[in-house]
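J.: I would like the atomic coordinates for the input below:
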Amino acid sequence: MQKNIFLYKTLGAFIVWLFFMSLAHAEPLQVGQTAPDFQLKAQDGSEVSLASRQGVGWTVLYFYPKAGTPGCTAQACAFRDALQVIRQQNTEVYGISTDEIKALQVFHQQHKLSFTLLSDPEAKVTSAYGVKMPVLTMAKRWTFIVDPELVIRHIDDDVDPALDAQRVSERLKQLQNTAR
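T.: You can find the predicted model right below:
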């Protein structure tokens with residue numbers, strides 16, 4: 001009987017802790033804020049930092065849950081197919097997930113992706129951008145558009161994987177026209 005009471009109390013405390021941990025997160029990023037800098041490994045093993053993009057051009061950071069899943073595949077292939085149009089807008093695309101590099105290599109090769117995938121296995125960048133799923137070490141599906149001065153100009157937290165690349169391209173045109 002004592003063991004059961006202890007077990008129930010421990011389980012109850014754990015559930016309460018889990019609930020509050022899922023609520024604990026950094027303040028969400030806002031349009032107009034400087035994008036958090038990062039340095040992550042790409043699918044080819046190279047290091048990529050956001051700081052290296054300063055003054056170079058616009059940057060799209062799209063966070064996705066897991067390489068190889070249907071929604072993530074649709075989103076990656078849509079960016080692959082729209083990449084030429086996006087790059088003509090002086091913009092580079094980076095897909096970020098908490099997948100290990102090996103999974104990103106397979107995903108990148110399998111779908112002939114022509115942009116860089118970044119690995120955030122400890123979810124540090126995912127957390128810094130406020131897109132880490134509660135309890136899980138996975139990213140929510142969010143897209144950020146960052147200007148050449150590394151200021152966040154657009155945040156999409158309601159991403160349709162199949163339409164994300166098209167919406168990004170349209171939004172870039174609007175943002176770049178108003179920036180002139």
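J.: how far away is residue 108 from residue 76?
T.: 9 Å (Cβ to Cβ, to the nearest Å). The way it works is simple: take the backbone N, C-alpha and C, and place the C-beta from them, glycine included.
J.: who's more crowded, these two?
T.: Just comparing residue 108 and residue 76: by other Cβ atoms under 10 Å the higher neighbour count belongs to residue 76, 27 against 22.
J.: shouldn't the more buried one be in contact with residue 68?
T.: No: contact criterion Cβ atoms under 8 Å: residue 76 and residue 68 do not qualify, at 9.5 Å.
J.: are there residues contacting both of those two? Which ones?
T.: Residues touching both residue 76 and residue 68 (Cβ atoms under 8 Å, 6 or more residues apart in numbering) are residue 107.
J.: any shared contact partners between residue 108 and residue 76?
T.: In contact with both residue 108 and residue 76: residue 117, using Cβ under 8 Å, 6+ apart.
J.: pull out the buried positions in stretch 146-164.
T.: Residues 146, 147, 150, 152, 153, 154, 155, 156, 159, 161, 164 are the ones in stretch 146-164 that count as buried (16 or more other Cβ atoms under 10 Å).
J.: what's the answer for stretch 58-74, then?
T.: Buried residues in stretch 58-74 (16+ other Cβ under 10 Å): 58, 59, 60, 61, 62, 63, 64, 65, 67, 72, 73, 74.
J.: show me the residue at the heart of the protein, geometrically.
T.: residue 63 (1.8 Å; Cα atoms, centre = their mean).
J.: which residue, other than its chain neighbours, is closest to residue 79?
T.: Spatial nearest neighbour of residue 79, excluding adjacent residues (Cβ to Cβ, 6 or more residues apart in numbering): residue 165 at 4.5 Å.
J.: wait, residue 54
T.: residue 150 (5.3 Å).
J.: isn't that neighbour right up against residue 51?
T.: Yes: here residue 150 reaches residue 51: they are 7.5 Å apart, a contact under Cβ under 8 Å.
J.: I'm done for today, thanks for sticking with me.
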